[in-house]
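> Pasting the sequence and the predicted coordinates here, then a few questions.
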Amino acid sequence: MEKGIYIIIVMAVAFLAVEIVTRILRKKYTNQLTELLMAGRFDEFDSLIDSTPVKFCVYPFNRDHLKLSRHQLAGNKGRVSELFEKFKTRGLSNDQKKDIYFQAFNHYMTLEKYDECKYYHDEINKLKDADSIIDAVNISYDIIVEKKTDMLEDLLKQREELPENRRGVVEILISQIYMNMGEKKKSQDYMKLSEKHLAAMQKELEEEAK
């Protein structure tokens with residue numbers, strides 16, 4: 001065997017070995033970080049995610065996504081906003097944009113930062129294969145930001161067709177429409193129903209996760 005070919009084979013084997021080890025470590029660290037998040041052990045999470053092995057093994061997008069989850073769980077809205085700004089500078093895939101942009105839209109909606117909502121509303125409407133996300137964003141934007149009321153009858157009908165514990169999100173939108181119409185009592189009634197049904201849904205999901 002010629003020396004040059006032998007060197008190429010050795011290098012290829014070495015590269016493959018490094019890739020296999022990196023994949024194993026990537027899975028290991030991702031699992032560890034996820035477990036720390038679920039346990040609320042944020043200090044340990046912060047130390048691990050910024051360690052050299054994790055920086056080497058875990059993709060930058062995945063690290064930032066985990067950091068996003070960490071600060072969402074901790075209620076650090078400022079840090080969440082900073083991470084969404086950081087994601088704007090990354091070359092995200094279409095699927096990654098679906099995930100990040102939808103989360104960002106909802107984040108800024110809760111903060112009533114409607115200029116940011118418009119940015120993500122417009123970006124989401126450019127995405128491919130995202131019809132369900134686009135529909136959800138457009139409905140929320142039209143009702144909450146643009147104060148439209150023409151969807152009330154459709155939403156009331158949708159609500160009746162849903163199981164009781166799945167009505168919470170629709171009831172929030174109905175509540176907002178009544179608020180837009182100046183019908184404060186009906187708005188409050190549907191908001192109370194929404195809180196009740198969202199709490200029931202959360203409890204149900206927690207039971208299923210056990």
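That came through, no problem.

> I'd like the mean pLDDT over stretch 48-65, please.
The average pLDDT for stretch 48-65 rounds to 88.

> Any idea how far apart the tips of it sit?
15 Å (CA to CA, to the nearest Å).

> can you check stretch 177-187 too?
Using CA to CA, first and last residues of stretch 177-187 are 8 Å apart.

> List the buried residues of that stretch.
177, 178, 179, 180, 187 (16 or more other CB atoms under 10 Å). No exception for glycine: its C-beta is placed from N, CA and C like everyone else's.

> dump the residue contacts of the last one.
Under the criterion of CB atoms under 8 Å, 6 or more residues apart in numbering, the neighbours of residue 187 are 175, 176, 178, 179.

> quick one, what contacts the residue lying closest to residue 69 once chain neighbours are set aside?
Of all residues not flanking residue 69 in the chain, residue 37 sits nearest, at 5.9 Å (CB to CB, 6 or more residues apart in numbering). For residue 37, the contact set (CB under 8 Å, 6+ apart) comprises 45, 66, 69, 70, 73.

> center of this structure - which residue?
Compute the mean C-alpha point of the chain, and by CA atoms, centre = their mean the closest residue is residue 103, 3.9 Å away.

> My guess is it contacts residue 68. True?
Yes - contact criterion CB atoms under 8 Å: residue 103 and residue 68 qualify, at 7.4 Å.

> need the next SSE after the helix or strand bottoming out on mean pLDDT in the chain, C-terminal direction.
None of the helices or strands of the chain scores lower by mean pLDDT, DSSP states H and E than helix 3-38, at a mean of 60. Where DSSP states H and E defines the elements, the next helix or strand beyond helix 3-38 is helix 42-49.
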